[in-house]
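*Asks:* Below are the sequence and a predicted model; questions follow.
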Amino acid sequence: MASIKRGIDAALTMWLSEMLRFSRSKSRIIGALTTPLTFMLFLGPGLISGFQLRGGGNLDFGFFAPGLIGMSVLFASLFAGGSIIWERESGVIKEILVAPVSRFFLALGRALGGVTIALIQGILLLLFAHLIGASYVSLGGVVASIVVMAISGLGFMGLSIALASKIDSTEGFQVLMSFMTMPLVLLSGAFFPISDLPAWLAGLVHLNPLTYAVEAIRYLLLGSSSIPIRLCLEVTAAFAAVMLWIGGRMFGKIRV
Amino acid sequence: MSCAIETWEISKRYGSVAAVDAISLCIEPGEIFGLLGPNGAGKTTLIKILTTMTEPSGGQARVWGYDVIGQASSVRMNIGVVFQDITLDDRLTGRENLDLHGRLYGLDGRARKKRIEEVLALVEMADRADAVVRTYSGGMMRRLEIARGFMHRPNVLFLDEPTLGLDPQTRARIWEYIKRLADEEGVTVVLTTHYMEEADHLCHRIGIIDRGRIVALDSPRAMKDRLGGDVITLKLADANDGERLAAVFRDQGLAGIISKRDGELSLAVARGEEQIPRVLSLASAAGIAVHSVSLHRPTLDDVFLHHTGRAIRDKDAGEAEHLGHRMRSGRR
């Protein structure tokens, strides 16, 4: 029990250090706050005017809000692992790895740091979307959607930590992340309804963990989704658990 | 516990190269122990094994009674480490760096606050503690790291090249801090260095390490005494005569030849000033021209030369390269 408490303290320490760094970096703060706004301002209107449903009628703007939120959480979480590479390059990681703390909790703390920033962006998007006309079914649903953002953010953060633990250059990490985000976003149903897709595309979409997060958020905010909410929640939670476990393992294997 | 650190035939191989080659040693509680050797000798690798940052390929090691492989987390609980490269977060303040360290080592809020003030006072950094580390000089970063290494009251403190790249004044100050900390806190200190003065000035005992092996282990004084009273160094007009002159001296019973290289021949002798005329006449009888003669008390340089056949300064190119790397990879 004592070691679990020590582990949680260590995770909170990692979280705190990430928050301190974030609060010191003007460019990161501005980036984190303006990215969602940019998505909303430039992507939202374009999406609405560009889509027509088969059988007529436009998609409501509200349809895109969960997609934009999911995309934003994905970006923030995946790229947050880059801080581990910075730590390795600067040597700071040695101080962390030599501490008498389980590496899993250190990785978890890092993940919580990344997810916090992802959540700030997700919540801003929720608010912006509401201001320009998206209407949500219930306050409870909004709160629950924030929880889903956090869980799916932890999953992608775990993935990011696992990859960052293996890759030793910032450049390589950036390239790989850009390479991954594109298909994850495009094949997620963030920007189109997934109920009416060709079979091969539907298959890929259903293999994508982001799909389930976006669909869950869509259900919780708008009251309907193409995939049953229960399955969405189960897949999102399982993905997070597995990725955090892998991320913790890989982080534990870092040698300096 | 008789040894703060004990190793049995500890080894680390990278491919076919043995970075650490079957080292057995016992470092006593409370001593300042120095590992002296050129870059690439295996000092840092040995430290990495003892601090559980890398696993040995063979042998055993215990730190404060705990096995470095089987009880790594107990080892970590009992040690403080100041790495060769700066490992501070330069975007945070000095105080924040210390605070995060205290949290990682499980110090509660009140203990942390008190201890931060104590260690800051010890390294005389209290007035700069709230500045962002990025604005510190290299010497200040080092002092803060040493303070951090002590913060959780470790039983053993490892310092890997604590004064590398610092100017002589700053270096002398850091030595004083290390001494004071070791005295006041009763910590066992293990440091690596390739600066002879540092080993001489700070360490109770030193181990000379070369190509992964400990080639000599004793107090600096005993090592120097063992060489004999004085060292005579002859600079020869023709470097090729070194071998021949060494043979002449050996025949005449001047056995304490430390080294011969680059046309220099060093002898350890008792009452050196009386031996100079004899040495010179032997040389001229053999028809060997001597360019100059010098006489000095043995230094650790001589000890090192005696045991390894090389001057530790031969590594200078390596050091420059290392510092360059540190600058490239370090700060952003």
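*Replies:* Good, I have the coordinates. Numbers count the residues shown, from 1 in each chain, chains lettered A, B, ... in the order given.
*Asks:* so who does A:Ile96 touch?
*Replies:* Residues counted as contacts of A:Ile96 (Cβ atoms under 8 Å, 6 or more residues apart in numbering or on different chains) are A:14, A:87, A:106, B:104. All C-beta spots, glycine's among them, are computed from the backbone N, C-alpha and C.
*Asks:* I meant B:Glu124, not that one.
*Replies:* Contacts of B:Glu124 (Cβ under 8 Å, 6+ apart): B:Arg143.
*Asks:* Can you tell me which of the contacts of A:Ile96 is nearest B:Gly287?
*Replies:* A:Glu87 (65.1 Å; Cβ to Cβ).
*Asks:* how many other residues sit next to residue 94?
*Replies:* Unless you meant another one, I'm taking chain A. Look at A:Lys94: counted by other Cβ atoms under 10 Å in any protein chain shown, it has 21 neighbours.
*Asks:* wrong one, chain B
*Replies:* Neighbourhood size, B:Gly94 [other Cβ under 10 Å]: 27.
*Asks:* now the contacts of A:Ile96 in CSV, with neighbour count and pLDDT?
*Replies:* Formatted as CSV, the contacts of A:Ile96 follow (neighbours: other Cβ atoms under 10 Å in any protein chain shown; pLDDT from 0 to 100):
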residue, neighbour count, pLDDT
A:Met14, 25, 93
A:Glu87, 22, 87
A:Leu106, 26, 92
B:Leu104, 24, 92
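*Asks:* Between which two of those residues is the distance greatest?
*Replies:* Across these, no pair lies farther apart than A:Glu87 and B:Leu104, at 13.6 Å, counting by Cβ to Cβ.
*Asks:* Which stretches in the stretch 101-250 of chain A count as helices?
*Replies:* Along the stretch 101-250 of chain A, counting by DSSP state H, counting those that start in this stretch, helices occupy A:103-131, A:139-166, A:170-186, A:199-207, A:209-222, A:229-252.
*Asks:* Tell me which of those helices is the most buried.
*Replies:* Ranked by mean neighbour count, the helices of the stretch 101-250 of chain A are led by helix A:209-222 with a mean of 27 (mean count of other Cβ atoms under 10 Å in any protein chain shown).
*Asks:* quick check: mean pLDDT across that helix?
*Replies:* Helix A:209-222 shows a mean pLDDT of 94.
*Asks:* Likewise for stretch B:44-51?
*Replies:* Mean pLDDT, computed over stretch B:44-51, is 93.
*Asks:* How about it and chain A, touching?
*Replies:* Yes. Counting by Cβ under 8 Å from any Cβ of the partner chain, contacts between stretch B:44-51 and chain A involve B:Thr51.
*Asks:* Between the contacts of A:Ile96, which sits nearest B:Asn39?
*Replies:* When the contacts of A:Ile96 are ranked by distance to B:Asn39 (Cβ to Cβ), A:Glu87 comes first, at 24.7 Å.
*Asks:* Pull the residues that contact the helix or strand that closest one falls within.
*Replies:* Using DSSP states H and E, A:Glu87 sits within helix A:82-90. The contact list for helix A:82-90 (Cβ under 8 Å, 6+ apart) reads A:18, A:21, A:92-93, A:96, A:110, A:113-114, A:160-161, A:164-165, A:167-170, A:173-174, A:177, A:251, A:254, A:256, B:87, B:90, B:329-332.
*Asks:* what separates it from the chain centre, distance-wise?
*Replies:* Centroid separation for helix A:82-90 versus its chain: 20 Å, with Cα atoms, centre = their mean, to the nearest Å.
*Asks:* how big is the angle separating that helix from helix A:229-252?
*Replies:* Angle, helix A:82-90 to helix A:229-252, by axes from the mean of the first three to the mean of the last three Cα atoms, to 10 degrees: 0 degrees.
*Asks:* Keeping just the C-alphas, turn helix A:82-90 into CSV.
*Replies:* Backbone C-alpha positions of helix A:82-90 (Å, rounded to 0.1, in the frame of the first residue of the first chain) are rendered in CSV as follows:
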residue,chain,number,x,y,z
GLY,A,82,7.4,14.7,-27.2
SER,A,83,8.3,16.0,-23.8
ILE,A,84,9.8,12.6,-23.0
ILE,A,85,12.1,13.0,-26.0
TRP,A,86,13.1,16.5,-24.8
GLU,A,87,13.9,15.0,-21.4
ARG,A,88,16.1,12.4,-22.9
GLU,A,89,17.9,14.8,-25.1
SER,A,90,18.5,17.3,-22.3
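*Asks:* measure A:Asn42 to chain B for me?
*Replies:* Not Asn; residue A:42 is Phe. Note on A:Phe42: its distance to chain B, by Cβ to the nearest Cβ, to the nearest Å, is 31 Å.
*Asks:* how close does that residue get to A:Val185?
*Replies:* Separation of A:Phe42 from A:Val185 (Cβ to Cβ, to the nearest Å): 15 Å.
*Asks:* Which pLDDT value goes with A:Lys166?
*Replies:* So A:Lys166 comes in at 91 (pLDDT).
*Asks:* next structured bit after the one helix or strand B:Trp175 maps to?
*Replies:* If you go by DSSP H and E, B:Trp175 is part of helix B:168-185. Helices and strands here follow DSSP H and E; after helix B:168-185, the next one along the chain is strand B:188-193.
*Asks:* Give me the below-cutoff pLDDT ranges for chain B.
*Replies:* B:255, B:257-258, B:311-332 (pLDDT under 70).
*Asks:* Might you enumerate the residues of it proximal to chain A?
*Replies:* B:51-54, B:73-74, B:76-77, B:79, B:81, B:83, B:85-92, B:96, B:100-101, B:103-106, B:132, B:148, B:329-332.
*Asks:* tell me the angle of the helix holding A:Glu87 relative to helix A:139-166?
*Replies:* The directions of helix A:82-90 and helix A:139-166 differ by 30 degrees, with the same axes, to 10 degrees as the criterion.
*Asks:* To what extent is B:Pro29 buried, counted in neighbours?
*Replies:* The number of residues packed near B:Pro29 is 15, by other Cβ under 10 Å.
*Asks:* ok now do it, which residues does it touch?
*Replies:* B:1, B:3-4, B:155, B:188.
*Asks:* so which pair among these is furthest apart in space?
*Replies:* Taking Cβ to Cβ, the two most distant members of these are B:Cys3 and B:Asn155; they sit 12.1 Å apart.
*Asks:* More neighbours: which of the two?
*Replies:* B:Asn155 (19 against 16).
*Asks:* The more buried one is in contact with B:Val189, isn't it?
*Replies:* No. B:Asn155 is beyond contact range of B:Val189, at 10.6 Å (criterion: Cβ atoms under 8 Å).
*Asks:* SS state for the nearest residue to B:Leu157 once chain neighbours are set aside?
*Replies:* Spatial nearest neighbour of B:Leu157, excluding adjacent residues (Cβ to Cβ, 6 or more residues apart in numbering or on different chains): B:Gly80 at 4.5 Å. Judged by DSSP: H, G, I helix; E, B strand; the rest coil, the three-state class of B:Gly80 is strand.
*Asks:* Counting neighbours, what do you get for B:Gly80?
*Replies:* Neighbourhood size, B:Gly80 [other Cβ under 10 Å]: 25.
*Asks:* just checking, it touches B:Asp160?
*Replies:* No. At 11.8 Å, B:Gly80 and B:Asp160 do not qualify as touching, with contact defined as Cβ under 8 Å.
*Asks:* in chain B, what residue sits furthest out from the centroid?
*Replies:* Centroid-distance maximum for chain B: B:Ala285 at 42.7 Å, with Cα atoms, centre = their mean.
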